[in-house]
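# curious how this folds, go ahead:
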Amino acid sequence: MIREGSLVRRTAVWILLAAGGLIMVTPFAWLVRSAFMDDNQIFVSPPQWIPRPFAWANFSGALSSQPFARYFLNTMIIEVLVVTGTVLTCALAAFSFSRLRWRGRNLIFGLLLTGVMLPYAVTLIPTFVMWGSVGALDTFIPLTVPAWFAGAGGGVFNIFLFRQFFLTIPYELDEAAYIDGATPWKVFWAVIMPLSKPVVVVVVIFTFIGVWNDFLGPLLYLTSDSKFTLALGLAGFQSTYTAQWGFLMAASLVVILPIILIFFVLQRYFVEGVTLTGVKG
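I've put the predicted structure just below:
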């Protein structure tokens, strides 16, 4: 009876997971099939899941109708600056909160975590006014500089991830390094960071995806078409009255593929990093 009850529970769990997975995959499947259809096929009722015929011209038409090579370059420039700044500054802050002992450390860390509850919309207008007052509009500065102060996107969350992971590293390693004459900076670079590859990969993935998908930030600060990112480029297929749905779906599929590839390549480190960040508080 016990084994039968366990089998029933496991079967029910698998059914629920399969149903949830199907729900999650359906929008992506719709995107893929629509990328190979013309506008007349996409919204036909009842829906057709297999294109007949395949509209391969959607891809060439989408990529040639917009300067996506330039958009890709702009996006990668922002990616490199933001990912580098986020990893460096968030790791340094987390090192201070987890490996260095100073008065009020836990109190300040707790106050820092309250920033997670602050909605992005609350600081939107003051931030825009600030960057406008220093003449930084229509540049990459508002999109990249905050990352070098642990303030881009999920900066507080990334500090939390780093701190939780650093706490799992034995403090005896730091003490041994200090006995050998190492400075805190040396301990950070030579001891802590080499052991932190899993959490670094997690933060890189989160930050990369956040910048890659960011639409509101570039929309607010960039006005020149030559400085647009891929997210803004996709919006060019929609206007007030019309939309090139076939081109939009094809371009969206091309833009999504790098994210999927990065996740599958780094999946092992991603799962390991997320698991270990919750081991010790």
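
# so Phe160 sits in a helix?
Yes. When DSSP: H, G, I helix; E, B strand; the rest coil is applied, Phe160 is found to be in a helix.

# count of neighbours near it?
20 (other C-beta atoms under 10 Å). For every residue, glycine as well, the C-beta is placed using N, CA and C.

# who's in contact with it?
Phe160 sits next to Ala94, Leu113 when contact means C-beta atoms under 8 Å, 6 or more residues apart in numbering.

# just use 10 as the starting number from now, easier for me
In the new count, where the first residue is 10, that last one comes out as Phe169.

# quick one: low-confidence parts of the protein?
Counting by pLDDT under 70, the chain contains low-confidence ranges at 10-14, 160-163, 248-251, 278-290.

# next SSE after the longest helix along it?
Taking DSSP state H as the criterion, the chain has its longest helix at helix 11-44. Downstream of helix 11-44, the next assigned helix or strand under DSSP states H and E is helix 48-51.

# name the residues of that following helix that are buried.
Asp48, Gln50, Ile51 (16 or more other C-beta atoms under 10 Å).

# and of these, the nearest to Leu97?
Ile51 (44.2 Å; C-beta to C-beta).

# what residues are up against Gly70?
By C-beta under 8 Å, 6+ apart, the residues touching Gly70 are Gly255, Phe256, Ala259.

# just name the closest of those residues to Leu121, please.
The shortest gap between Leu121 and any of those belongs to Ala259, at 42.9 Å (C-beta to C-beta).

# can you get me a residue count around that closest one?
Close neighbours of Ala259, defined as other C-beta under 10 Å, add up to 27.

# with Pro135 instead?
Neighbours of Pro135 (other C-beta under 10 Å): 9.

# equivalent analysis for Ala240, please.
When counting by other C-beta under 10 Å, one arrives at 19 neighbours for Ala240.

# kindly report the same for Ala252.
Neighbour tally, Ala252, other C-beta under 10 Å: 12.

# tell me the spacing between Leu266 and Ile218.
According to C-beta to C-beta, to the nearest Å, Leu266 stands 13 Å off from Ile218.

# please apply the same query to Arg110.
Plainly put, Arg110 is 35 Å away from Ile218 if you go by C-beta to C-beta.

# neighbour-wise, which of these two wins?
Comparing Arg110 with Ile218 by other C-beta under 10 Å, the one with more neighbours is Ile218, at 15 against 6.

# by contact count, what packs against the one helix or strand that one maps to?
Assigned by DSSP H and E, Ile218 belongs to helix 206-222. Secondary-structure packing of helix 206-222 (3 or more C-beta pairs under 8 Å, 6 or more residues apart in numbering; DSSP states H and E): helix 77-108, helix 164-175, helix 239-244, helix 254-274, helix 276-285.

# mind putting those helices into TSV with distance to Pro36?
As requested, these are arranged in TSV below (distance: least, C-beta to C-beta, whole Å):
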stretch	distance to Pro36
helix 77-108	23
helix 164-175	25
helix 239-244	16
helix 254-274	11
helix 276-285	21
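
# and Met139, how many neighbours?
For Met139, the number of neighbouring residues by other C-beta under 10 Å comes to 12.
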